[in-house]
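Peer 1: Here is my input, please return the structure:
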Amino acid sequence: MSERSTKRESGFSLMEMTIAMALGTLVLGAALQLYSKGVGATWTVSQRAELQQDFRAASAILTRDLSMAGSGLGNGTQIPLPSTIRPVYGCDQTPKCYLGSTNTVAEPYPLQGATPTLYGLIPGYNLGPTLASNPTATDVVTVAYADSAFYLNCYAATVTAVGKVTFGPATSPLVNGNLPVWPPAGCLPNGVATPQTVNDSLLGLTPGDLVYFPSWNIVGEVTAGTITTGANAVGTTYTVPFANGDVLNMNQTTAGASAGLNTVALNATGTNPVRLLVVTYYLDNTVSPARLMRQISGHSPMPVTDGVVYMKFSYDLYNDATNLPAVNQPNPGSGDANDTASNGLNPTSITKINVLHMAMASTLHGAKGYQGLDLETSVSARDLTYSNNYPLH
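Peer 2: Sure thing, here's the model as predicted:
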């Protein structure tokens, strides 16, 4: 006869299981909360690190260009431009213009009397768009300086036809019955034997480039067309198109109050031509958040960095006639209501550029993880003024 087992199997009671599940849920919830905070902190740190990297790069490019204003063009740069059709900046070869509240405006060069004038620095007060991050219109700033990396100054420039300039080694005057040595002394830095060719694939002239001809005190714009080569007694020559009807209105046959390139007499020869870099910074609000753009002369603009939410400048000037400074002027030389302190001065009197704001954000304002930085600094414009007057204030 078999015995019936009365041994009971051990296990959890309902109360024990309820308590264990509650404790497990609490531990799991705490772990998830710690994990979520860790991920959030990592995202915030990475966003800030990326923002700081972009910010440093953008501010370095901007301040470098500002410090170069007028460089290589002589102190107090002010080059008269033709006035029959007022020259402009902020446009490329497509043609398309990029300034103003709609990023579609061609901005005319400022007037000195009745003459459009290219200064080493051109303020652009309220010429940029108004962004959602601030109710005040943003600024534009434009600087002009010589391209020291392209040794165009080693060539002589000769007007060989209307709308064409030939760059080549100088062949006159004869020195003791011999052709002069080329390249001329002093046009190349130490260690460089020959200048680049004018049609060099990397650094040569292309449509949209601006060339300053100091012999005639005239600026011309390279236009579309083939750069043709030839030869003279010393070496290769390069004929470059500077046709009328260029996008920036530089090459004018009827130049008005001041001369245009195509008013220069045929066969006139000038020395030391230089490629002129006219660099404009503005905000592109066709993307969100806005983007800082850098445009050179008549070329298509390139983005510097994304996420810019504001940009403002002011300028310090010095009046040599009164020995008085004019500080924090938003639009010097304009004579408008915002320029009473510097009325009568033009941009050649600028001694310092104040970057009031170049504000950047990692995301749209108010979003989770929002990070922001704002550049506020001043840059010396050492090549703009004849006098070394930098007032402290």
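
Peer 1: mind listing the strands for the stretch 101-250 of the chain?
Peer 2: 107-108, 111-112, 115-119, 121-124, 140-146, 156-161, 164-168, 210-213, 218-221, 228-231, 236-241 (DSSP state E, counting those that start in this stretch).

Peer 1: Which other helices and strands does the first one contact?
Peer 2: In terms of contacts (3 or more Cβ pairs under 8 Å, 6 or more residues apart in numbering; DSSP states H and E), strand 107-108 is packed against strand 88-89. Just so you know, the C-beta spots here come from the backbone N, C-alpha and C atoms, and that holds for glycine as well.

Peer 1: Can you list the strands that the strand it packs on pairs with?
Peer 2: Applying DSSP bridges to the sheet, strand 88-89 is found paired with strand 107-108 (antiparallel).

Peer 1: what does the average pLDDT come to for the strand it pairs with?
Peer 2: Mean pLDDT, computed over strand 107-108, is 95.

Peer 1: who's in contact with that strand?
Peer 2: 86-90, 97, 99-100, 116, 124, 127, 140 (Cβ atoms under 8 Å, 6 or more residues apart in numbering).

Peer 1: got it, and stretch 70-77?
Peer 2: 79, 118-121, 143-148, 212, 274, 276, 348, 381, 383-386.

Peer 1: Can I get the buried ones among these as something I can paste into ChimeraX?
Peer 2: Selecting the buried subset of these in ChimeraX, with 16 or more other Cβ atoms under 10 Å as the burial test, is done by:
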select :79,118,119,120,121,143,144,145,146,147,212,274,276,348,381,383,384,385
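
Peer 1: quick one: the residue lying closest to residue 291 once chain neighbours are set aside from residue 56, how far?
Peer 2: The shortest distance from residue 291 to any non-neighbouring residue, by Cβ to Cβ, 6 or more residues apart in numbering, is to residue 284 (4.6 Å). For residue 284, the distance to residue 56 (Cβ to Cβ, to the nearest Å) stands at 21 Å.

Peer 1: try residue 150
Peer 2: The value you get for residue 150 to residue 56, if Cβ to Cβ is used, is 28 Å.

Peer 1: Looking at those two, which is more packed in?
Peer 2: It is residue 150, of residue 150 and residue 56, that has more neighbours when counted by other Cβ atoms under 10 Å, with 20 against 13.

Peer 1: my read: the more buried one touches residue 275, true?
Peer 2: Yes. The criterion here is Cβ atoms under 8 Å, and residue 150 meets it with residue 275 at 5.2 Å.

Peer 1: quick one, what contacts residue 373?
Peer 2: Residue 373 neighbours (Cβ under 8 Å, 6+ apart): 51-52, 55, 359-360.

Peer 1: Good, wrapping up.
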